[in-house]
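Enquirer: sequence first, predicted model second:
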Amino acid sequence: MNKINSIRKDWSLIETLITEDRKILDIGCGDGGLMEQLENNRNAITHGIELNRDLAANAIARGFNVVHGNAELDLSQYSNNSFDYVILSQTLQAMMKPKDILSELLRIGSKAIVSFPNFGHWKIRLQLLISGKMPVTESLPYTWYDTPNIHFFTIKDFLNLCNEMNIVIEKSIGLTSKGKQFDISESVTGVNFFTHEAIFLLSYKNYKPIKIKSSKKVFAKNSVIAN
Amino acid sequence: MKTRFTTDTKLESEIAYFENINLKIESGDIIDSFKLAFKTYGKLNADKTNAILVCHALTGDQYVAGNNPITGREGWWSRMVGPNKPIDTNKFFVICSNVLGGCAGSTGPKELQNGSDVAYGGNFPSITIKDMVKAQSLLIESLNIEKLFSVIGGSMGAMQALQWAIDFPDKILNIIHIAGALKHSAQNIAFHEVGRQAIMSDPIWKNGKYFENNEVPERGLSVARMIAHITYLSENAMHRKFGRKLQSRDIISFGFDADFQVESYLRYQGKSFVERFDANSYLYLTRAMDYFDHDETFRKNIEFSHNPNNHLKYLIVSFTSDWLFPTIESKMIVNQLNSLSREVSFLEIDTDKGHDSFLLEEPQLDDVIKGFLTNNFAKIDE
């Protein structure tokens, strides 16, 4: 799979995880491609954050709500539970503090959707084993000294972190390097070996949103309570 | 309320008169009657959904596009507003009015006091951005427009756009807020104060009564303009434009002539400003900007005045080299809107042209404004 096909595939899988009429934050939204798809196919209300100035400008000019900014600095401004879904597609490995980002995603959103390339894939393991050099593959096409991907991790690593953070994996989809799709939780053995890319739908354990209704509006959990 | 429209053929502009309206302004004073000079461009559609209000900055006027009869030059934003321009007058009905307190035909210190043959001068009440917007809202009402598609402005215009969002969220669909802030900073107030002191220390100013002898405090007003003009540029832009180049000479004069091009440029800016702007108006309008402060109140105002079903959209734009209204100020607005999950877009444009960038050639600004308006208009048109 080339990069563009892989992103399209990623998006269509993300779409399957999202129900109708939801409010969504897309982190690293580019020029709004996924936002457009979710608005058209899922009637979603979408917001986005994009670090790249030109991509952010394009997204805004296409009519999307996009903030030009850095997710690692700017996520703190969003209120608790202000989105139904927060999406982080193929970016967690490029974050300075992936763990903090993960907890931010689930603070802002009722659910989070995270996708990433699996560093435990057999091709990567084989490359490192045989050549003794940092692997360069289709999904991780950069040399070690010139890569945006600064935190490499495998599916196993990710599952361990989720466990440690009391994050529930509601759904998980794996893709082989040929684009074949399977359910990660059902195929127990060899998952970490064959999964090329993984997409997870996450939430917190025992999550119950607290909503207070007044005559005028519904206040979300951390909002000011009045009347 | 009585509204009367006349056309002043000499200036080819329209003036709206609001007589016996007793406009209560923020200071507590009451302006019994006032007028607003305004211009419109393009045509209002049958459903009246395509109206855009453009708010001018400190020294702007209603002549946003086309020819400005006061200066004989093109309108101040003619590169942005017009047929097939980013704010396309083939598609949108664009309104721009001279602010209350201004000096291009609207009621302000230069105009005659109601029922007398003496100008207001220093007797004009201290007005605020909120008062300007209140007056504009009466104009929009008298044009029989229930809802504006957009309110757009840079600098003091951005302050007005933000005030529209605070005071009349149900009467607008979106705002485009360029190079503005929630509040006028201490540094900005300081620069304004120097400008005002320059005017008031000109012996011709005479407590604002210079018009009695048909005089103008030219020295003071031009110095005020020169100071302000520096704040609208950036060090890089000045260096690029002038460097240390000498003006009409090969060697320095060892005197106080305008040896350097930058001096000559500033002197010209000051001199040409005096010809088109009223000194008292400059005092009042800079004061109105100084009083602008929504730092503490914005979030509360937006949270409680907005119906959650009201999808008011915000486009906030800043420029990297703007040190008068730096990006951090725009980001404070964005932060507060995001904390309430409002529909906000934000872009910091990379340029060395300083605060004045919004008036100058910035292709990314054009693209974003054009796209934002076109695509959001298409959404309501569906």
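Expert: Right, received. Where do you want to start?

Enquirer: use CA for all of it now, contacts and neighbours both
Expert: Noted.

Enquirer: is stretch A:73-90 up against chain B anywhere?
Expert: Yes. Part of stretch A:73-90 sits near chain B under the criterion C-alpha under 8 Å from any C-alpha of the partner chain, namely A:77-79, A:82.

Enquirer: which residues touch that stretch?
Expert: Residues outside stretch A:73-90 that contact it (C-alpha atoms under 8 Å, 6 or more residues apart in numbering or on different chains) are A:10, A:18, A:22-28, A:104-117, A:209, A:220-223, B:335-336, B:338-341.

Enquirer: go with 6 Å
Expert: Residues from elsewhere that reach stretch A:73-90 (C-alpha atoms under 6 Å, 6 or more residues apart in numbering or on different chains): A:22-27, A:105, A:107-116, A:222, B:335, B:338-339.

Enquirer: of those, which belong to helices?
Expert: A:105, A:107-108, B:335, B:338-339 (DSSP state H).

Enquirer: buried ones only from the contacts of stretch A:73-90, please, as a PyMOL command.
Expert: If you want just the buried ones from the contacts of stretch A:73-90 in PyMOL, going by 16 or more other C-alpha atoms under 10 Å in any protein chain shown, the selection is:
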select buried, (chain A and resi 22+23+24+25+26+27+105+107+108+109+110+111+112+113+114+115+116) or (chain B and resi 335+338+339)
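
Enquirer: which positions in the stretch 201-350 of chain B make contact with chain A?
Expert: Within the stretch 201-350 of chain B, the residues that sit near chain A (C-alpha under 6 Å from any C-alpha of the partner chain) are B:335, B:338-339, B:343-347.

Enquirer: and the closest residue to chain B within chain A, how far from residue A:32?
Expert: Here the residue of chain A nearest chain B is residue A:61; by C-alpha to the nearest C-alpha that distance is 3.9 Å. Using C-alpha to C-alpha, to the nearest Å, residue A:61 is found at 10 Å from residue A:32.

Enquirer: quick one: the helices in the stretch 251-382 of chain B?
Expert: Assigned by DSSP state H, counting those that start in this stretch, the stretch 251-382 of chain B shows helices spanning B:261-276, B:279-291, B:298-305, B:327-339, B:363-381.

Enquirer: for the stretch 1-150 of chain B, what are the low-confidence residue spans?
Expert: B:1-13 (pLDDT under 70).

Enquirer: what ranges does it have for its helices?
Expert: Going by DSSP H, counting those that start in this stretch, the stretch 1-150 of chain B shows helices at B:129-142.

Enquirer: pick the most buried one from the helices of the stretch 251-382 of chain B.
Expert: helix B:279-291 (a mean of 23; mean count of other C-alpha atoms under 10 Å in any protein chain shown).

Enquirer: pLDDT averaged over it, what's the number?
Expert: On average, the pLDDT along helix B:279-291 is 98.

Enquirer: so which residues make contact with it?
Expert: For helix B:279-291, the external contacting residues (C-alpha under 6 Å, 6+ apart) are B:102, B:109, B:127-129, B:184, B:189, B:196, B:221.

Enquirer: could you redo those as a markdown table and give each row neighbour count?
Expert: Listed next are those as a markdown table, based on neighbours: other C-alpha atoms under 10 Å in any protein chain shown:
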| residue | neighbour count |
| --- | --- |
| B:102 | 28 |
| B:109 | 26 |
| B:127 | 22 |
| B:128 | 24 |
| B:129 | 27 |
| B:184 | 22 |
| B:189 | 16 |
| B:196 | 23 |
| B:221 | 28 |
